[in-house]
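1. no FASTA, just this:
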Ligand SMILES: Nc1ccn([C@@H]2O[C@H](COP(=O)(O)OP(=O)(O)OP(=O)(O)O)[C@@H](O)[C@H]2O)c(=O)n1
Ligand SMILES: [Mg+2]
């Protein structure tokens, strides 16, 4: 077993989890830190979740610890609870268990670390870190890290056949870490890109957004086009020319609303097509709503049709997103212009009106019924357009004359 590097100082997350490793080893099994946390530690990046791999079978893990939860026992994962922390302890296994999560594959548990590392996706993700700080690196993951390369473990075609999402993961890591994809691995993505269609869209969504939020979204998007992966995700098919153009824009620091609006506006979508696009990506209603509003506002900016009514209808979140995207798309407005105009609106919602339905009734201007709503809508529009000042007396007077207009 090749031991190439020794870590002298563990990050706090590992320190805290050390007793878990030691306890498993004391019971006579092997246990290691594995996965993204090992990769990120060596790269000097922050780590989130600590994953532990062990030769102990799930039932054995459960016997070693008092407090466990069967979070994914069919995949061999037991959550060990310790001092308020939860650790995923997963038995060494062979077959990929990463297929569509709604239909998990059969798993074969094994006792050897090598077998377990062999079926992992990329060499930089196939490192194991033991309790004494030594790193097991069977596939030159450390070299690839030095050379900034994403390389499949063993035969790339096999790894992508086991789980086609790994192709999106390759691109996501390339953007997050600013690494290249090794050419054989990249060729395999190109050859297998169609397999992405078999993967649950929720999983692709997650990787895609991580890619776009990474340090090199332009690189990630370019790689998606070059490998043809872009042909196999919702809404991107046949759009290479536009995607290529988008991949040349400044894509730094985008949140999810901006990311999706960038594509919807880039594809020249109207409201219904934006909604459909977002639904196809299984986006939440809230995200869809903001993206529809942002995209619509961008179309209005482009057509020079933005007035107070449009800003009011869009709301602050969409206004801020549209401001940023207007700069990215080089639309003819000043930085922050929409936000400034929005902030100057007298009211942001109907509730901000200085007079309410209740008050109009109490003052005997109107009685409950459809006319009341109509009058309030008129007042709302007039205030948004600054044709009225939002104060009680002025609105009261205006309400009276609107009512009289109506009855004449
Ligand atoms: N499709 C997948 C998903 C995961 N893994 C393996 O399981 C580990 C943990 O998976 P996950 O937490 O999904 O990804 P990370 O690499 O940890 O990345 P992140 O930092 O985003 O969690 C990976 O490092 C890799 O060894 C894999 O081989 N194939
Ligand atoms: Mg992880």
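-> Right, received. Where do you want to start? Nothing here was measured: the structure is a model prediction, and the numbers come from that model. Numbers count the residues shown, from 1 in each chain. Ligands and ions are numbered 1, 2, ... in the order given.
2. can you name the residue of this protein nearest ligand 1?
-> Residue of the chain nearest ligand 1, by Cβ to the nearest ligand atom: residue 36 (2.2 Å). In short, each C-beta sits where N, CA and C put it, glycine included.
3. can you list the low-confidence ranges for this protein?
-> Applying pLDDT under 70 to the chain flags the ranges 1-4, 95-106, 406-408.
4. ok, now with 80
-> 1-5, 95-106, 406-408 (pLDDT under 80).
5. near ligand 1, which residues of it are found?
-> 35-36, 51, 98, 120-121, 125-126, 163, 165-166, 169 (Cβ under 6 Å from any ligand atom).
6. for these, which one is nearest residue 288?
-> Ranked by distance to residue 288 (Cβ to Cβ), the residues of the chain next to ligand 1 are led by residue 165 at 23.0 Å.
7. residues near that closest one, how many?
-> For residue 165, the tally of surrounding residues (other Cβ atoms under 10 Å) stands at 25.
8. next one: the one 4 residues further on
-> Using other Cβ under 10 Å as the criterion, residue 169 is surrounded by 21 other residues.
9. report the secondary structure state of it.
-> With DSSP: H, G, I helix; E, B strand; the rest coil as the basis, residue 169 sits in helix.
10. tell me who's in contact with it.
-> Neighbour list for residue 169: 121-122, 207 [criterion: Cβ atoms under 8 Å, 6 or more residues apart in numbering].
11. nearest to residue 360 among those?
-> Taking Cβ to Cβ as the measure, residue 360 lies nearest residue 207 of the contacts of residue 169, at 53.1 Å.
12. hang on, the earlier thing: contacting residues around the residue nearest to the residue of the chain closest to ligand 1 when sequence neighbours are not counted?
-> Nearest residue to residue 36 in three dimensions, chain neighbours excluded: residue 125, at 6.6 Å (Cβ to Cβ, 6 or more residues apart in numbering). For residue 125, the contact set (Cβ under 8 Å, 6+ apart) comprises 35-36, 39, 141.
13. what about those, which are in helices?
-> Using DSSP state H, the subset of the contacts of residue 125 located in helices is 36, 39, 141.
14. was I right to think the first one contacts residue 51?
-> Yes. With contacts defined as Cβ atoms under 8 Å, residue 36 counts as touching residue 51 at a distance of 7.4 Å.
15. quote the end-to-end distance of stretch 340-359.
-> This stretch, stretch 340-359, spans 32 Å end to end (Cα to Cα, to the nearest Å).
16. quick test: name the residue nearest the centre of the chain.
-> By Cα atoms, centre = their mean, the chain has its centre lying nearest to residue 209, at 3.8 Å.
17. counting by contacts, list what whichever strand or helix holds that residue packs against.
-> Taking DSSP states H and E as the definition, one finds residue 209 inside helix 201-213. If you count contacts as 3 or more Cβ pairs under 8 Å, 6 or more residues apart in numbering; DSSP states H and E, helix 201-213 packs onto helix 165-177, helix 217-226, helix 256-266.
18. and the first one with helix 201-213, angle?
-> Inter-element angle recorded for helix 165-177 and helix 201-213: 20 degrees (by axes from the mean of the first three to the mean of the last three Cα atoms, to 10 degrees).
19. next, the angle helix 217-226 makes with helix 165-177.
-> Using the same axes, to 10 degrees: helix 165-177 against helix 217-226 is 150 degrees.
20. next secondary structure element downstream of helix 165-177?
-> Next element after helix 165-177 (DSSP H and E): strand 180-181.
21. is it true that residue 390 touches residue 352?
-> Yes. Between residue 390 and residue 352 there is a contact at 7.2 Å, judged by Cβ under 8 Å.
22. common neighbours of those two, please.
-> residue 346.
23. between those two, who's got more neighbours?
-> The residue with more neighbours, out of residue 390 and residue 352, is residue 390; 19 against 12, by other Cβ under 10 Å.
24. specify the local secondary structure of that one.
-> coil.
25. residue 273 too?
-> Residue 273 - assigned by three-state DSSP - is helix.
26. grab the longest helix from this protein for me.
-> Ranking each helix of the chain by length (DSSP H) puts helix 308-328 first.
27. immediately after it, which helix or strand?
-> helix 337-343.
28. buried set for the following helix or strand past that next one?
-> Note on helix 337-343: by DSSP H and E, the next helix or strand toward the C-terminus is helix 357-362. By 16 or more other Cβ atoms under 10 Å, the buried positions in helix 357-362 come out as residue 360.
29. the closest residue to the residue nearest to the centre of the chain other than its chain neighbours and residue 169: what is the separation?
-> Leaving aside its sequence neighbours, residue 209 sits nearest to residue 256 (Cβ to Cβ, 6+ apart; 5.9 Å). In this view, residue 256 and residue 169 are 19 Å apart by Cβ to Cβ, to the nearest Å.
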